[in-house]
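J.: Sequence below, structure please.
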Amino acid sequence: MGRQDSQNTPEYDGVSGGESGPSPVGRASVPPPGSPAPPAAPRPAGTTYGRASVPLNGTPPAPLPAQEAQPSPPVTPPADPPGQPGGPAPAAPTPAAGVPAAAEPGTGESRRTVVLSVLAALVLVVVAAAGILVVRPGPVAGWLAAEPAASPTASPTPDPTPTPVLAAADATGTAPTAAGVAAAITPLLKAGPLGPRVNVSIVDAATGESLFDRNADTKTTPASTTKLLTAAAVLAARGPAHRLTTRAVAGARPGEVVLVGGGDPTLSVNAKGQFPGAARLDKLAGQVKKALGGQRPTSVFVDTSRYSGPETAGGWDGDVIGGGQVARIQSLMTNAGRIKPVHNEFGGDPRFVDPALAAGRAFAKQLGVAPGTVRKGSAPDAAGPEAPSAAPSAAAAALTPGAELGKVESPPLVHVVDWMLEQSDNVLAETLAREVALAAGAEASFAGAAEAMKAELTELGLPAEQASLSDASGLSRRNKISPRLLTDVLTLAASGTKPELTGLFGGLPVAGWSGTLKSRFVTPAPNRVGQGLVRAKTGTLTGVNTISGQLITADGRLLVFAIMADATGDSVLARQALDRIAAELVTCGCP
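T.: Here you go, the predicted structure:
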């Protein structure tokens with residue numbers, strides 16, 4: 001439910017070595033005396049030196065750990081026999097391979113011959129090792145001598161060529177035909193886990209031509225693909241650069257501070273927030289203290305009057321709040337209502353029962369006010385957009401009720417939209433929809449947001465009548481959206497005629513790479529061809545599985561698609577079946 005899109009993501013453990021790679025330098029075993037020296041094996045790419053792995057793609061090797069980077073003492077003839085450091089001398093040493101045996105080990109001349117021969121062999125080994133080590137960059141250069149006559153110059157390793165994440169579209173590539181697309185995907189639509197109702201729309205983004213249509217005008221339960229409409233509506237209504245402001249104003253009595261919710265769900269308590277670059281309550285508290293001068297704050301109120309109506313939507317299944325899929329929708333909260341600023345890939349993120357009061361208590365703690373005294377209330381009338389700001393050095397008695405004591409702003413709206421789409425954040429979706437309502441002068445409620453979104457889509461020239469909305473996140477089972485409306489939104493965003501809508505694509509998860517698609521397009525193996533080439537919004541409720549986005553075909557054509565099944569069986573198998581259809585479109589030239 002809710003964010004059932006998310007799955008556990010397996011970790012990729014990088015390049016794995018072979019079963020019998022060469023021994024690391026400095027850790028090679030010394031053969032027993034008398035055994036022949038093993039032949040030197042060629043060093044394949046990806047082998048190891050010490051414990052530093054050498055990547056296959058040409059990146060520099062990782063530096064050795066500090067304890068392995070210490071310079072070794074100068075090499076001196078060992079007092080112990082070769083191959084037995086620190087051990088007792090043998091009664092009768094066995095000649096090493098390639099070293100002449102002494103005729104009579106007991107004579108001085110014979111002993112001198114043996115010692116010189118062994119020392120010569122050791123010198124050759126040391127020189128050979130030095131020859132190997134000097135060609136490697138890193139700390140081994142310091143092991144060769146304290147003051148080398150000439151430091152070896154290592155050739156700089158070029159940066160590896162980055163792996164493409166998304167292929168570029170080619171409007172001149174061979175366009176698929178409707179007959180070719182139908183032949184490729186019709187058999188896949190019969191997959192058992194998808195159930196009896198699978199409604200589809202596939203469009204060539206370059207021409208706007210419909211390539212496949214199966215009940216494309218039929219309203220279908222969309223789940224989280226609803227967020228595509230939310231993203232388009234808010235980007236059009238507010239613009240990508242719009243920011244959401246949280247303010248603190250002077251209360252009716254001296255020492256009172258009112259925290260006014262500005263509809264920013266990404267607000268953070270401090271630097272450890274859920275969303276990068278979010279506005280912070282600790283910084284706002286610092287502004288308030290400066291504005292109050294020597295006056296000590298005595299109490300904190302929270303004002304959530306920006307929103308109205310119910311805090312939960314009709315059609316939400318079970319206890320979606322208790323399950324952490326969403327929070328009560330209020331105009332003041334931190335980290336989208338999360339108790340801890342953590343996003344769980346599987347399951348929900350526990351939320352505060354009352355996000356606004358929780359934010360007020362965190363703010364009070366920053367101000368030195370007892371958190372237990374925080375109450376809900378309204379800011380004085382002067383606290384509107386035109387309210388005067390308090391001068392930093394203003395005396396407490398001079399503060400006018402409603403005077404602004406400080407404010408902090410969210411990141412640009414386009415970034416909030418990115419997070420909403422990538423992680424399928426339900427709270428962000430509901431708060432963004434209320435911005436559409438406020439921009440239109442409508443009530444910032446579930447009902448007001450739904451009507452404002454449809455009005456904005458109509459203004460964009462889209463068939464808004466093909467949507468029935470009870471919320472903006474897709475948690476509600478009362479939502480119905482046609483596949484054609486979803487592909488119309490994507491086609492318009494891709495056309496460039498509405499530049500503000502192009503920001504919609506930046507937040508779409510990438511198959512096998514990010515967001516709710518990070519662990520998809522993996523199983524079964526044929527689905528993997530879609531990795532990096534499919535970018536889409538997913539939707540999952542019990543019995544509902546949908547996906548809508550864009551992909552690049554084998555001939556470089558950009559297609560937009562919506563595949564919606566609302567009578568599915570096993571959810572995991574249904575998701576794999578949806579991915580298989582998109583993967584087939586990637587490989588199919590479909591002439």
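J.: Quick check: mean pLDDT of stretch 463-483?
T.: Taken as a whole, stretch 463-483 has an average pLDDT of 98.
J.: Need the CA coordinates for stretch 559-570. PDB is fine.
T.: Provided in PDB are the C-alpha atoms of stretch 559-570 (Å, rounded to 0.1, in the frame of the first residue of the first chain):
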ATOM      1  CA  LEU A 559       8.300   6.800 -26.700                       C
ATOM      2  CA  VAL A 560       6.000   7.700 -23.800                       C
ATOM      3  CA  PHE A 561       3.800   5.100 -22.300                       C
ATOM      4  CA  ALA A 562       1.200   4.200 -19.700                       C
ATOM      5  CA  ILE A 563       0.400   0.600 -18.700                       C
ATOM      6  CA  MET A 564      -2.300   0.200 -16.100                       C
ATOM      7  CA  ALA A 565      -3.600  -3.000 -14.500                       C
ATOM      8  CA  ASP A 566      -6.100  -2.700 -11.600                       C
ATOM      9  CA  ALA A 567      -7.000  -6.300 -11.100                       C
ATOM     10  CA  THR A 568      -3.600  -7.900 -10.600                       C
ATOM     11  CA  GLY A 569      -2.500 -11.000  -8.700                       C
ATOM     12  CA  ASP A 570       0.900 -11.300  -7.000                       C
END
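J.: residues of that stretch that come out buried?
T.: By 16 or more other C-beta atoms under 10 Å, the buried positions in stretch 559-570 come out as 559, 560, 561, 562, 563, 564, 565, 566, 568, 569. (Each C-beta comes from the backbone N, C-alpha and C, glycine too.)
J.: Tell me where this protein has helices.
T.: 108-133, 178-185, 226-238, 281-292, 355-367, 413-422, 426-439, 446-459, 483-495, 571-587 (DSSP state H).
J.: Tally up the residues packed near the closest residue to residue 234 other than its chain neighbours, please.
T.: Leaving out its chain neighbours, the residue that sits closest to residue 234 by C-beta to C-beta, 6 or more residues apart in numbering is residue 432, at 4.5 Å. By the criterion of other C-beta atoms under 10 Å, residue 432 has 29 neighbours.
J.: Residue 444 too?
T.: 22.
J.: Can you tell me the closest non-neighbouring residue to it?
T.: Taking C-beta to C-beta, 6+ apart, and ignoring the residues beside it in sequence, residue 444 has residue 434 as its nearest neighbour in space, at 4.1 Å.
J.: contacting residues around that neighbour?
T.: 263, 306, 307, 329, 331, 444, 445, 448, 449 (C-beta atoms under 8 Å, 6 or more residues apart in numbering).
J.: In JSON lines, list these along with pLDDT and distance to residue 525.
T.: Shown next, in JSON lines, are the contacts of residue 434 (pLDDT from 0 to 100; distance: C-beta to C-beta, whole Å):
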{"residue": "263", "pLDDT": "98", "distance to residue 525": "45"}
{"residue": "306", "pLDDT": "98", "distance to residue 525": "50"}
{"residue": "307", "pLDDT": "98", "distance to residue 525": "48"}
{"residue": "329", "pLDDT": "98", "distance to residue 525": "42"}
{"residue": "331", "pLDDT": "98", "distance to residue 525": "48"}
{"residue": "444", "pLDDT": "98", "distance to residue 525": "48"}
{"residue": "445", "pLDDT": "98", "distance to residue 525": "47"}
{"residue": "448", "pLDDT": "98", "distance to residue 525": "48"}
{"residue": "449", "pLDDT": "98", "distance to residue 525": "43"}
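J.: Could I get the buried residue list for stretch 311-329?
T.: Buried, per 16+ other C-beta under 10 Å, within stretch 311-329: 311-313, 316, 320-321, 323-329.
J.: Show me which of these is closest to residue 455.
T.: residue 313 (18.8 Å; C-beta to C-beta).
J.: how deep is the spatially closest residue to the closest one that is not a sequence neighbour tucked in, by neighbour count?
T.: Excluding its sequence neighbours, the residue lying closest to residue 313 (C-beta to C-beta, 6+ apart) is residue 471, at 4.0 Å. Residue 471: 26 surrounding residues under other C-beta under 10 Å.
J.: same question, residue 554
T.: For residue 554, the neighbour count with other C-beta under 10 Å is 17.
J.: was I right about it contacting residue 586?
T.: Yes. Counting by C-beta atoms under 8 Å, residue 586 is a contact partner of residue 554 at 6.9 Å.
J.: Now for residue 210: which residues touch it?
T.: Residue 210 neighbours (C-beta under 8 Å, 6+ apart): 178, 201, 202, 203, 216.
J.: one more time with 6 Å, if that's ok
T.: Neighbour list for residue 210: residue 203 [criterion: C-beta atoms under 6 Å, 6 or more residues apart in numbering].
J.: Look at it and report its pLDDT.
T.: 98.
J.: For residue 560, see how far away it is.
T.: 11 Å (C-beta to C-beta, to the nearest Å).
J.: residues bridging contact with those two, i.e. touching both?
T.: Common contacts of residue 210 and residue 560 (C-beta under 6 Å, 6+ apart): residue 203.
J.: pLDDT and distance to residue 507 added to the buried residues of stretch 559-570, as JSON lines?
T.: Formatted as JSON lines, those follow (pLDDT from 0 to 100; distance: C-beta to C-beta, whole Å):
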{"residue": "559", "pLDDT": "97", "distance to residue 507": "19"}
{"residue": "560", "pLDDT": "98", "distance to residue 507": "15"}
{"residue": "561", "pLDDT": "98", "distance to residue 507": "17"}
{"residue": "562", "pLDDT": "98", "distance to residue 507": "17"}
{"residue": "563", "pLDDT": "98", "distance to residue 507": "20"}
{"residue": "564", "pLDDT": "98", "distance to residue 507": "20"}
{"residue": "565", "pLDDT": "98", "distance to residue 507": "24"}
{"residue": "566", "pLDDT": "96", "distance to residue 507": "24"}
{"residue": "568", "pLDDT": "98", "distance to residue 507": "25"}
{"residue": "569", "pLDDT": "94", "distance to residue 507": "30"}
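J.: mind giving me CSV with those residues and columns for distance to residue 542?
T.: As requested, the buried residues of stretch 559-570 are exported to CSV (distance: C-beta to C-beta, whole Å):
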residue, distance to residue 542
559, 29
560, 27
561, 24
562, 20
563, 18
564, 15
565, 13
566, 11
568, 9
569, 11
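J.: which one of those residues is nearest residue 457?
T.: The closest of the buried residues of stretch 559-570, once distances to residue 457 are taken by C-beta to C-beta, is residue 562, at 15.0 Å.
J.: Run a quick check on the closest one versus residue 487, I expect a contact.
T.: Yes. Using C-beta atoms under 6 Å, residue 562 is in contact with residue 487, at 5.2 Å.
J.: Can you pull the residues that touch both of the two?
T.: Shared contacts of residue 562 and residue 487 (C-beta under 6 Å, 6+ apart): residue 201.
J.: that older thread, among the helices of the chain, single out whichever gets nearest to residue 251.
T.: The minimum distance between residue 251 and the helices of the chain falls on helix 281-292, with 11.3 Å, by C-beta to C-beta.
J.: now the closest one: mean pLDDT?
T.: On average, helix 281-292 scores 97.
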